[in-house]
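J.: Sequence first, then the predicted structure:
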Amino acid sequence: MVKTGEGLTPDTLTVNERVLLHLREGGAAQAVDAYPLTQPGIAGGLGIRVNHVSRAVKQLIRQRLVAESVARMRGEVRRRKVYTVTPEGHALAQQLAAELGRRLIVATDARGERTLPASEARHLVAPPTLTRLLRMVDAGGRLDLRRSEAPPREHPRFEEGRPNPQPLVGRTEEVDAFRRWLANGPPVLAVIGPRGIGKTSLANAAVDDSRPRFWWSLRPGDTPESVLRGLAAFLADLGRRDLRARAARGAIDWREAGKILARDLRGTDALLVLDDVHEAGPELARYVDAILESSAAAACRVAVISEVPLPQRKPLLAEGRLAELTLRGLDREAARALLPDVVDDAEFAKVYGLTQGNPLSLKLLTAEASPAEYTAEERALLKVLRMRQDEG
């Protein structure tokens, strides 16, 4: 129970409580735009990682505080999972809001300092919610209104489809090359290689939190509207709201999107990671090109992960705006370290010869797990590899 006079700090609520309160505060938006109720929307609103949101909603669903459903996003073909508060969850969220509202913050503006309860202070921020206020107060419970936003506790991040980081085997040189590019390279880096070679894992391990980061893994069915909506949420966290305001008025041509992005990204020093860009259809590919051009013009960094070279590779290389990092199979030592000890030397030699050190193929061919745990594409690859093994 919160006592009158206690301060409000960023750590006042747990992640689960913040997610629950966010869904209660944003529930009215579902009729207009359900995106804030998706996992990426929740993560963007709270300034936390999507995987943290994923864990939280699973726990809240088990506790019957949150319900999962599907809704069609404006401008998207596929439906997406959205989360809403149950009656039990609403009662708890209402209690949290009441207790949070009694906590005090110190607001500072050009006129000086004033102490007021969070229930009143939330009207000083936009949107006027308690979860937004939690993001903007510092560890001492102070809200600095002398700038458009209080300084962030950490660089904003928006991540859709980024996997949880895993230990990386045998890619020391490639990680060093990626980080050298981040520190002092041309605007665009293309990480190229066949499926399963470890492109995404490499980027996942090489990025750090030293700058704002946008990560989007493209999937079949992604539309320009969905990607631009994610970018708009990311930029809004940086205090750049032009793209969000323009998107609210309707569809944006790729040329106009590029102009707005170049303006909004300027001065942010952001890193954009576009994963699996080979999945982009013809329409979305034009917007991907616009993102590359506008990011480069704004002196940001863009890491593009693809199974094939970029279509605009030649002009970008000629202009000195592109670096390439082509991944090949792991060497024998790294491949051996990746496999379980139960694989003897004779079996390893055969497996390595078949896979040429492709990490995914190595894991599939030596895994003892049921193929039912794999995707259809992985089961097909496993079948081919085992046929080759039998033929050998």
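T.: Yep, it's here.
J.: Spatially central residue in the protein, please.
T.: Centre of the chain computed as the mean C-alpha position; nearest residue by Cα atoms, centre = their mean is Glu159, 0.5 Å away.
J.: what does the host helix or strand of that one rub up against?
T.: Here Glu159 sits within strand 157-160, counting by DSSP states H and E. Strand 157-160 is contacted from outside by 40, 43-44, 47, 49-50, 209, 212-217, 230-231, 233-234, 237, using Cβ atoms under 8 Å, 6 or more residues apart in numbering. (Glycine included, C-beta is placed from N, CA and C.)
J.: would you list every one of the helices in the stretch 151-300 of the chain?
T.: Ranges of helices in the stretch 151-300 of the chain, per DSSP state H, counting those that start in this stretch, are 172-184, 199-206, 224-237, 242-247, 254-265, 282-297.
J.: Reformat these as a markdown table; add mean pLDDT, distance to Arg102 and mean neighbour count.
T.: What follows is the helices of the stretch 151-300 of the chain, written out as a markdown table (pLDDT from 0 to 100; distance: least, Cβ to Cβ, whole Å; neighbours: other Cβ atoms under 10 Å):
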| stretch | mean pLDDT | distance to Arg102 | mean neighbour count |
| --- | --- | --- | --- |
| helix 172-184 | 90 | 45 | 14 |
| helix 199-206 | 92 | 42 | 21 |
| helix 224-237 | 92 | 28 | 23 |
| helix 242-247 | 90 | 32 | 17 |
| helix 254-265 | 93 | 38 | 20 |
| helix 282-297 | 92 | 44 | 19 |
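J.: And those helices: which comes nearest Gly89?
T.: Across these, the minimum distance to Gly89, taken as Cβ to Cβ, is reached by helix 224-237, at 23.6 Å.
J.: which residues are contacting that closest one?
T.: 35, 40-41, 44-45, 47, 73-76, 152, 156-158, 160, 212, 214, 216, 218, 241-244, 247, 251-252, 254, 257, 261, 264-265, 268, 270, 283-284, 287, 291.
J.: hey, where'd the strands end up in the protein?
T.: 66-72, 79-85, 104-109, 112-117, 142-144, 157-160, 188-192, 213-217, 271-275, 301-306, 322-326 (DSSP state E).
J.: how about those in JSON lines, adding distance to Arg24 and mean pLDDT?
T.: As requested, the strands of the chain are exported to JSON lines (distance: least, Cβ to Cβ, whole Å; pLDDT from 0 to 100):
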{"stretch": "strand 66-72", "distance to Arg24": "10", "mean pLDDT": "85"}
{"stretch": "strand 79-85", "distance to Arg24": "5", "mean pLDDT": "84"}
{"stretch": "strand 104-109", "distance to Arg24": "20", "mean pLDDT": "89"}
{"stretch": "strand 112-117", "distance to Arg24": "19", "mean pLDDT": "88"}
{"stretch": "strand 142-144", "distance to Arg24": "22", "mean pLDDT": "89"}
{"stretch": "strand 157-160", "distance to Arg24": "22", "mean pLDDT": "90"}
{"stretch": "strand 188-192", "distance to Arg24": "41", "mean pLDDT": "95"}
{"stretch": "strand 213-217", "distance to Arg24": "27", "mean pLDDT": "95"}
{"stretch": "strand 271-275", "distance to Arg24": "32", "mean pLDDT": "96"}
{"stretch": "strand 301-306", "distance to Arg24": "37", "mean pLDDT": "95"}
{"stretch": "strand 322-326", "distance to Arg24": "45", "mean pLDDT": "93"}
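J.: Output those strands as TSV; include the columns distance to Ala91.
T.: Conversion of the strands of the chain to TSV gives the following (distance: least, Cβ to Cβ, whole Å):
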stretch	distance to Ala91
strand 66-72	13
strand 79-85	9
strand 104-109	25
strand 112-117	22
strand 142-144	28
strand 157-160	31
strand 188-192	48
strand 213-217	36
strand 271-275	40
strand 301-306	44
strand 322-326	52
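J.: The ones you listed: which one's closest to Ala335?
T.: Taking Cβ to Cβ as the criterion, strand 322-326 is the member of those that comes nearest to Ala335, at 18.0 Å.
J.: State the paired neighbours of that closest one in the sheet, together with their directions.
T.: Strand 322-326 has the following sheet partners, assigned by DSSP bridges: strand 188-192 (parallel).
J.: Touching the strand it pairs with from outside, list them.
T.: Contact with strand 188-192 is made by 178, 181, 199, 202-203, 292, 295-296, 301-310, 313, 316, 321-327, as judged by Cβ under 8 Å, 6+ apart.
J.: Now the buried members of those residues.
T.: 178, 181, 199, 202-203, 292, 295-296, 301-306, 309-310, 316, 321-323, 325, 327 (16 or more other Cβ atoms under 10 Å).
J.: any idea how far Gly329 lies from Leu354?
T.: 11 Å (Cβ to Cβ, to the nearest Å).
J.: for Gly281, same thing?
T.: Note on Gly281: its distance to Leu354, by Cβ to Cβ, is 33 Å.
J.: tell me the contacts of Gly357?
T.: Contact partners of Gly357, counting by Cβ under 8 Å, 6+ apart, are Arg328, Gly329, Leu330, Asp331, Arg332, Ala334, Ala335.
J.: So which of the residues you listed belong to helices?
T.: In helices, judged by DSSP state H, the following of those are found: Arg332, Ala334, Ala335.
J.: how is the protein carved up into domains?
T.: Annotated domains of the chain cover 15-144, 157-326, 332-391 [automatic domain parsing].
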